[in-house]
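Asker: A predicted structure for the sequence below; I have some questions about it.
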Amino acid sequence: MNLVAAPVCAHCGAPSPTRFCCAGCEGAHELVAGLGLDAFYRRREAAAGELRPAEAPQTDFAPLARAEGQGAWTLELMVAGLTCGACIWLVEQALAAAPEVRRARANLSTRRLIITWVGEAELANHLAGLVARLGFRVAPFSPACMRATEDSEGREMLRALGIAAFGAMNVMLVSVAVWAGGEDMGPQTRHLMHWLAALIGLPTVAVAGIPLFRSAWNGLRGGRLNMDCAVSLGILLTTAMSLSETLRNGDYTWYDGATALLALMLAGRVLDRAARRKARQSVAELLALQEGSVTVLGEAHPVPVDRVAPGARILVATGERLRLDAALEDGEALLDTAATTGESLPRSFARDGALPAGAVNMGAPFVARVTAAAADGSLAAMARLLERAEQARGRWASLADRAARFYIPVAHVVSLLTFVGWMVLGGASWQDALVPAVAALIITCPCGLAIAVPAVQVVAVGALFRRGVLVASETALERLAAADHAVLDKTGTLTEGKPRLLPGGWAASDLAAATALAAASRHPLAVALSHARPGARPAAGAVEHPGQGMEAEGARLGSAAFCGVPDAGGMALHFTRPGHAPVVFRFEDGLRADAKDAVVALRRAGLSVALLSGDGEDVVARIAAEAGIADWTAGATPEAKAARIAALRAEGRRVLMVGDGINDAAALAAAHIGAAPGEGTDLAQAASDVVLRGGGLLPLAEAIDVARRAQRLARQNIRFAFAYNVVAVPVAIAGYATPLIAALVMASSSLIVIGNSLRAGRAD
Amino acid sequence: MDILVYLIPVALFLGGLGLLGFLWAMRSGQYEDLDGAAARILFDDTETPRKGR
């Protein structure tokens, strides 16, 4: 290895005393240099450490390749870590260097990679492995990603926007002529202009309005009066009135107002979607990476989890997460069940013991018999429970909806009264009365109001995305802003979820000797021990006794029984060597570096903070004291956690639940708003509205700040839109509003609202 | 005002051309990866990678 003293790893950019931080990065760098692609390192903008190659992907990609005819195959992959232009360049060029590859195209927005090659389907694994060795994590392009990406509704919206914008601009071209023409324009010319405007305006409304009308119709069928109903009615009535004015050659037609309103509404919708699509996609990406396959004995390739039948015998490697409920075939197994029960100590299981899905194998590899298919297992049962809880939460009415519920009837009644008033009191014909009535409707039409909330959301969600906070659900920001009580899980949320060596009564020479043994093992406690003394050389001749410990030249490191000493209890490794007193290395699951600050920040934001854990009392008490949380509960089962959240809700508290485990999922779904760290289990992430991708809890407090500011701005915007109407509506009712005035009102109020919304993303 | 007879169809035709262009671009997937397109413009036009400069 070339030991040039460099502060960062030459491949992934993470701080490293040597040129490369790990063997994976060295291999990746060699690969990149060998292909002549080192230009990548000058252009890269990825975050430090992100490109560290993980272990080779477990999935068998060959069955996923699609035959294209003439020996050509296509494979679609999801590639995590594609963060900059240089990344897609590197991936595409590296793949193109393979002689069989015909085409490789990476999509930076959707993280999707499409490879086409000629030859064998089995080449899929080689190509996917090549991308993985560069440091990108690959997963099959799963249905979850597909749903987030193949946004056909979004595409329809974009097309509608294009058509509406075209229509609005061209109608305006004709309308301005009518406004400017005034007395000089003869009635025949004006009539021609009206017909021209109708010719453009009518098809525009009919085609581009479809997404809006559909949403309005769905709302009506569901018995809800949403914003789209008001806008659709406004647009349709305005168009109808304009048609009537065209037929009788009135002074003005209002097609420009109708089409401009349509274009503005669609623009708001398209922007809103784009912001959330990014977040949704990142969540789908995190989930796809966790989707796995298992090694079934007797099968040549790993089998996707949902295709494993009960009774199958599976091999669970060290450090692998058990994806199915199973019973242990023989021997003994040591499992970390933190995700399912919240206990931070690994539990050992005897022969025939029921192993819960979601647990991680901390000991030696073992063989287990699957007891339930994925669809009938405990994880699926939990997922169904979540679905029900989520539906209950879906009824939360957003601020915009609440405003619309009050606002729409008022606007419609005002418009109707204007019509009746002009006919009865003013003695106008129905056509003449229709003009001020529709003018009132289009001016009150909640243009500013409809853009008020989405515009703020777009900016706020985008700002949070850049800080690693993914906002996945539509009303999450509003609910986050309203939270007044935070309940935190312990293992994996407040703590790292990884063991750390505690200081103890051992000498430095003991540690040195023990790390030499530990360095040869992949057991989590051994890994934690070798982290305490980085750079230790593995002892020559070290032998691992699976599930028990390490042995070399009479020295033993491992369980109490293996070393022949009394059990010290807790998370501990025992170490004996000839001529020395036995030593105990104790470990604990340490607090996250920013846990204390995060608790303080949450308090400063006005939330009370509580700790709710499934772990034992003494551990929880110590962690609570360290983090500065006075209100803690230990030994909570998943049901107890959900019940505690429900009780808090019944008291009228708005609970922010933060958790990462399968045992937290029910509580996350029951809470007013749920948040999960990015390393959390897929179930916890699916149950949450907010996912903290960046690691650490501090961004959560920032997210609350941003959400609150966004709410404040949204309210301001709504109030402003109301105020505008108070001035403009009387003008319309009195019959003084012309299309020119309506257009000015619409454009200016929208611009002001959008300008105000931009403040949502600004840091304080 | 006779000029309108020519000007308006011309304006509409040109606008329609723009609209058709937009619809074509959308259908051929050019709005699928806006971030990637922004980065790709900076790539060198090498089909086969060169040895490091």
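Answerer: Nice, I can see it. Everything quoted here is computed from the prediction, not taken from an experiment.

Asker: quick check, the residue in chain B closest to chain A?
Answerer: Taking C-beta to the nearest C-beta, chain A has its nearest neighbour within chain B at B:A39, 2.3 Å off. Where you see a C-beta, it was placed from the backbone N, CA and C, and this is true even at glycine.

Asker: dump the residue contacts of that residue.
Answerer: A:C84, A:G85, A:A86, A:I88, A:W89, A:L108 (C-beta atoms under 8 Å, 6 or more residues apart in numbering or on different chains).

Asker: confidence score at the last one?
Answerer: What that stands for is A:L108. According to the per-residue confidence, A:L108 scores 80 in pLDDT.

Asker: cool, and A:G547?
Answerer: At A:G547, the pLDDT value in this model is 65.

Asker: then A:T116?
Answerer: The predicted local distance difference test score for A:T116 is 90.

Asker: which SS class is it?
Answerer: Three-state call for A:T116 (DSSP: H, G, I helix; E, B strand; the rest coil): strand.

Asker: which element is the residue nearest the centre of chain B on?
Answerer: For chain B, the residue lying nearest the average C-alpha position, counting by C-alpha atoms, centre = their mean, turns out to be B:A25 (6.2 Å). Mapping B:A25 onto the secondary structure by DSSP states H and E places it in helix B:3-27.

Asker: in that helix, what's buried?
Answerer: Going by neighbour count (16 or more other C-beta atoms under 10 Å in any protein chain shown), the buried part of helix B:3-27 is B:I8, B:L12, B:G15, B:L19, B:F22.

Asker: what is that helix packed up against?
Answerer: Judged by 3 or more C-beta pairs under 8 Å, 6 or more residues apart in numbering or on different chains; DSSP states H and E, the packing partners of helix B:3-27 are helix A:152-181, helix A:187-208.

Asker: okay, the angle between that helix and helix A:187-208?
Answerer: Between helix B:3-27 and helix A:187-208, the angle comes out at 10 degrees (axes from the mean of the first three to the mean of the last three C-alpha atoms, to 10 degrees).

Asker: mind checking pLDDT for A:V420?
Answerer: If you check A:V420, the pLDDT there is 91.

Asker: tell me which of the buried residues of helix B:3-27 is nearest to A:A760?
Answerer: Looking at those and their distance to A:A760, the nearest is B:F22, at 29.8 Å (C-beta to C-beta).

Asker: any idea how far B:G16 is from the closest one?
Answerer: Spatial separation of B:F22 from B:G16 under the definition C-beta to C-beta, to the nearest Å is 11 Å.

Asker: lowest average confidence, helix or strand, in the chain?
Answerer: All of this is about chain A. Among the helical and strand segments of chain A, the one scoring lowest on mean pLDDT, DSSP states H and E is helix A:143-149, with a mean of 59.

Asker: buried residues, the helix or strand bottoming out on mean pLDDT in chain B. List them.
Answerer: Ranking every helix and strand in chain B by mean pLDDT, DSSP H and E puts helix B:34-40 at the bottom, with a mean of 80. In terms of neighbour count (16+ other C-beta under 10 Å), helix B:34-40 has its buried residues at B:D35, B:G36, B:A39.

Asker: same question, stretch A:660-671
Answerer: For stretch A:660-671, the buried set under the neighbour-count rule, 16+ other C-beta under 10 Å, comprises A:D660, A:G661, A:I662, A:N663, A:D664, A:A665, A:A666, A:A667, A:L668, A:A669, A:A670, A:A671.

Asker: can you tell me which of these is closest to chain B?
Answerer: Closest approach to chain B among the buried residues of stretch A:660-671 (C-beta to the nearest C-beta): A:D660, at 29.4 Å.

Asker: got a list of what the closest one touches?
Answerer: A:D660 makes contacts with A:A339, A:D489, A:T491, A:G492, A:T493, A:G497, A:A676, A:P677, A:E679, A:G680, A:T681, A:A684, as judged by C-beta under 8 Å, 6+ apart.

Asker: next, the angle from the host helix or strand of A:V753 to helix A:152-181.
Answerer: When elements are defined using DSSP H and E, A:V753 is found to belong to helix A:739-757. Here the directions of helix A:739-757 and helix A:152-181 differ by 140 degrees (the same axes, to 10 degrees).

Asker: give the buried residues for helix A:739-757.
Answerer: Neighbour counts over helix A:739-757 (16+ other C-beta under 10 Å) mark A:P739, A:L740, A:A742, A:A743, A:V745, A:M746, A:S749, A:S750, A:V753, A:I754, A:N756, A:S757 as buried.

Asker: report how many residues lie close to A:L220.
Answerer: Using other C-beta atoms under 10 Å in any protein chain shown, A:L220 has 14 other residues around it.

Asker: now A:W254
Answerer: 31.

Asker: ok, B:D2 next?
Answerer: Using other C-beta under 10 Å as the criterion, B:D2 is surrounded by 6 other residues.

Asker: name the nearest residue to A:Q711, ignoring sequence neighbours.
Answerer: A:A481 (4.3 Å; C-beta to C-beta, 6 or more residues apart in numbering or on different chains).

Asker: wait, doesn't that neighbour sit right on A:D705?
Answerer: No: taking contacts as C-beta atoms under 8 Å, A:A481 lies outside contact range of A:D705: 9.3 Å.

Asker: so which of these two has more stuff around it?
Answerer: Set side by side, A:A481 and A:D705 show more neighbours around A:A481, with 22 against 17, by other C-beta under 10 Å.

Asker: what about the more buried one, distance to chain B?
Answerer: According to C-beta to the nearest C-beta, to the nearest Å, A:A481 and chain B sit 29 Å apart.
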